[in-house]
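In: Prediction below, plus the sequence it came from.
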Amino acid sequence: LRLIYTTTAVQRKNVGASGPEKYTEAFIKKQIEEFNLGKRHLANMMGEDPETFTQEDIDKAIAYLFPSGLFDKQARPMMKHPTEIFPEQRKIQWGEDGRPLHFLFYTGKQAYYSLMHETYEKLLNVQKYQDELTAQDLPPKKEKKNLAGSRWLTKIELEEMLLEKLSDDDYSRFVQLLEKLMTFPCGDIEEKYIQKFSKAVPVQLQKVVIEPLKYDEQGVAFSTGEGTRKTARATAVVYDNGTGKITVNGIDILHYFPVLQDREQLLFPFQFLGRVGKHDMVCTVSGGGRSTQAGAIRLASAKALRSFVTEKEVEFMRQAGLLTLDPRVKERKKPGQEGARRKFTWKKR
Amino acid sequence: MAVPRLLRAGGWVVPSRVRPGPARPSDPRVSLPAAAPRLYSTVPAPAAAVRPRAEDEKLLSEPLSHPDFFNVKELFSLKDLFDARVHLGHKKGCRHRFMEPYIFGCRLDQDIIDLDQTMQHLQLALNFTAHIAYRKGIILFVSRKRQFCHLVESTARDCGEYAHTRYWQGGLLTNAHIQFGSGIRLPDLLIFLSSLNNVFEPHVAIRDAAKMNIPTVGVVDTNCNPCLITYPIPGNDDSPTAMELYCKLFRMTIIRAKDKRRQTEVFNELRRKAEGN
């Protein structure tokens, strides 16, 4: 154990300096100068023109000069502009005479509380506008806001925007205030302000489009469907006004699927809809094994049959599991085990 | 009726340790005799500056010789207070023992505050605020009433001063150098537009300001404790009209005092230039 001799002044300074390092403006400026100088040196080294040396060129040069096999991109050597490396921090909060620059400085969370103050002011404005409209007997404007297409900023995004730590309660209070602002019918005036805190969300649910029936030369209606199961890929073309003949890869099903179970799988969609003898089917299938191919064709034919059938029956098919892709695949073998789940024989001694 | 806790407002000497003023005399012309800067820093306060200028000393000492240098009396009248319902207190059961001297009477169980006393207290408080603002002190408006939070913050912003109407973190004044960083300057005056917090207890800032030797001005209602507040103003803190009146008065005094200071400085500057020529 080494005795460390410190004075009270140094001890106090250490207490104050604990926490994230504060990057002063001078430090950042020096880093920017060094970066620019290093960029020119790098350009010279690579034989390029220092004036037109872009960030992409820098990245390529560094990857060439310092090849690294590390998986994490963030762990590899990088040379970027200091503003991207050193996180943005708030500068000193008070002026020459000691007076703070922001009027809510003494609350501790000046950015967050000033945001709440502004938002509340917008709310009051909207209420006043609404009162004026009602006083003049004008009906309040009714516009539909797309509720599904946007979301509020997350807590982390808001923290980045304000450069301040927030608690969960703070964040939820802010979101409640925004929601309240949205409930007013005259929110149009504050549209721009609200847009700063909302993000568009890509529509996730895409309604499955059932393709309409196609007609071939004889005027017979037909429809195509695709299906997969494990490694088998199948396409099926279902024709109307048929006799129940099914052909797989040019071979009749009795010959292609000798086992009854596979043929039952193929016929299940038709039997479910009660159209056993009414449709003809021509399929192609590759990959997988015997029952896998049967399952793939079943899915393909069910998808094709959707075009012949009402929406209600499509829903019945979906609930019966005819339209669901079977996600089960072969589980990988793990090291230290015999198979995927089977362990090696345990010997007591 | 003799107002016991009032300091005589006319040629009174401010004890040097409570003297408000700019914490760091960055202006070398002005020297303040032994003003204890309310600073937290490892850097010692700079030594007393160069030779004092007579007119700059006069700038700071002249307002102290008048009882009402900024003429705050004209900003309000008894009728204004009455119209703004400042005299209405809480019910008899909520009465605080120490507020009894300020209560005029009780009508149908509701306490009525004596507006004559309120006038005197208000005049003293506004005068004090004006002096602090004249000497470029930091003023912090504190209120924990949710209905008037926006109003108080807007008033503070309009004056160019500061506000705190949110949750008060424990060590804000007493632990400032850890919470904010070293070199911070604390407020020189705290104005309480409502001295209770949301749980109907005295606001923590009253006690903390007393600990840190920061003078306070506060509107005390009939259920509040006026003890630790330097310049209490007995009056209603629940009606919107009363709060708007207080905000208006404080705003006008602070702006008036700051304008006066700016005018005097500009005047001195011009006179110095004229003398120089």
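Out: Thanks, I have it.

In: Could you check which residue of the stretch 1-150 of chain A lies nearest chain B?
Out: For the stretch 1-150 of chain A, the residue closest to chain B is A:Gly98, as judged by Cβ to the nearest Cβ, at 3.4 Å. Placement of C-beta: from N, CA and C, glycine included.

In: Check the gap between the residue lying closest to B:Asn127 once chain neighbours are set aside and chain A for me.
Out: Nearest residue to B:Asn127, sequence neighbours excluded (Cβ to Cβ, 6 or more residues apart in numbering or on different chains): B:Val72, at 5.4 Å. From B:Val72 over to chain A the distance is 23 Å, taken as Cβ to the nearest Cβ, to the nearest Å.

In: and what of B:Ala274?
Out: The gap separating B:Ala274 from chain A is 27 Å, by Cβ to the nearest Cβ.

In: Next, that residue: phi, psi?
Out: When read as degrees, to the nearest 10, the backbone of B:Ala274 gives phi -60, psi -40.

In: pLDDT score for the residue lying closest to A:Ser150 once chain neighbours are set aside?
Out: In this structure, A:Ser150 finds its nearest non-sequential neighbour in A:Ser198, 4.5 Å apart by Cβ to Cβ, 6+ apart. In this model, A:Ser198 is scored at 89, pLDDT.

In: wait, doesn't A:Ser198 sit right on A:Leu153?
Out: Yes. Between A:Ser198 and A:Leu153 a contact is recorded at 7.4 Å, counting by Cβ atoms under 8 Å.

In: Distance-wise, check A:Glu132 relative to A:Glu313.
Out: According to Cβ to Cβ, to the nearest Å, A:Glu132 and A:Glu313 sit 56 Å apart.

In: again but with B:Thr174, I slipped
Out: From B:Thr174 over to A:Glu313 (counting by Cβ to Cβ), the distance is 75 Å.

In: With A:Lys128 instead?
Out: Using Cβ to Cβ, A:Lys128 is found at 56 Å from A:Glu313.

In: again with A:Lys155
Out: Relative to A:Glu313, and taking Cβ to Cβ, A:Lys155 is found at 46 Å.

In: Kindly report the same for B:Asn268.
Out: Applying Cβ to Cβ, the value for B:Asn268 to A:Glu313 is 95 Å.

In: do the same with B:Pro234
Out: Shown here: B:Pro234 relative to A:Glu313, a distance of 81 Å by Cβ to Cβ.

In: Could you export the strand or helix carrying A:Phe316 as PDB, keeping only the C-alpha atoms?
Out: In the assignment (DSSP states H and E), A:Phe316 maps to helix A:311-320. Output in PDB follows, covering the C-alpha atoms of helix A:311-320 (Å, rounded to 0.1, in the frame of the first residue of the first chain):
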ATOM      1  CA  GLU A 311     -63.400 -13.600 -47.800                       C
ATOM      2  CA  LYS A 312     -65.200 -15.400 -45.000                       C
ATOM      3  CA  GLU A 313     -63.900 -18.700 -46.300                       C
ATOM      4  CA  VAL A 314     -60.400 -17.300 -46.600                       C
ATOM      5  CA  GLU A 315     -60.700 -16.400 -42.900                       C
ATOM      6  CA  PHE A 316     -61.800 -19.900 -42.100                       C
ATOM      7  CA  MET A 317     -58.900 -21.300 -44.000                       C
ATOM      8  CA  ARG A 318     -56.500 -19.000 -42.100                       C
ATOM      9  CA  GLN A 319     -57.900 -20.200 -38.800                       C
ATOM     10  CA  ALA A 320     -57.600 -23.800 -39.900                       C
END
